[in-house]
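Engineer: Pasting the sequence and the predicted coordinates here, then a few questions.
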Amino acid sequence: MSHFALVTLHLFAAITFGGTVFFEVLILEGIRKPVGREAMRTVETAIGRRARRLMPFVIAVLYCAGILMAWQYRDDLAHPFASSFATLLSLKILLALSVLAHFITAITLSARGKLRSRHFKFIHLSVFCQICLIVFLAKAMFYVSW
């Protein structure tokens, strides 16, 4: 598969996943009080149902494309502190793995019926912050050097 196709698939999946997290953290949390508990529960249930169907596919595309793109930089990744590019890419990969671990944790807790509001909020806020850092690093890798 061409690098262009990988980057395009990766970007569309990142926009879908990241956009969903941004929407939930920045928009949904802001309307919780004005909308009311019952309406919010209905909205969260509907969004959760849709996300459980869509996100596994999005995550698979995101991480598969990411792995295939990273493979092209395997020589740089073998020496993560040899260059600013390798260091930033390694950090980006570590954050991406952390996001995946958060996603798996949320799915596991949800499947066991143990995903509580405090877990949900913590996971979303943590993933939101990590996605912001990943987006920064994705650009910084090519523009920042030391």
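Structural biologist: Perfect, thanks for sending it.

Engineer: From now on I want contacts and neighbour counts done on CA atoms only, so please keep to that.
Structural biologist: Noted.

Engineer: Can you point out the buried residues in the worst-scoring helix or strand of the chain on mean pLDDT?
Structural biologist: When the helices and strands of the chain are compared on mean pLDDT, DSSP states H and E, helix 29-35 comes out lowest with a mean of 89. When burial is assessed from 16 or more other C-alpha atoms under 10 Å, helix 29-35 yields no buried residues.

Engineer: Also stretch 121-134?
Structural biologist: Along stretch 121-134, these residues count as buried under the neighbour rule (16+ other C-alpha under 10 Å): 123-125, 127-128, 130-131, 134.

Engineer: right, and out of these, which lies closest to residue 69?
Structural biologist: Relative to residue 69, the closest of the buried residues of stretch 121-134 is residue 134; by C-alpha to C-alpha it sits at 15.0 Å.

Engineer: now the nearest residue to the closest one once chain neighbours are set aside, what's its secondary structure?
Structural biologist: In this structure, residue 134 finds its nearest non-sequential neighbour in residue 92, 5.5 Å apart by C-alpha to C-alpha, 6 or more residues apart in numbering. With DSSP: H, G, I helix; E, B strand; the rest coil as the basis, the three-state label of residue 92 is helix.
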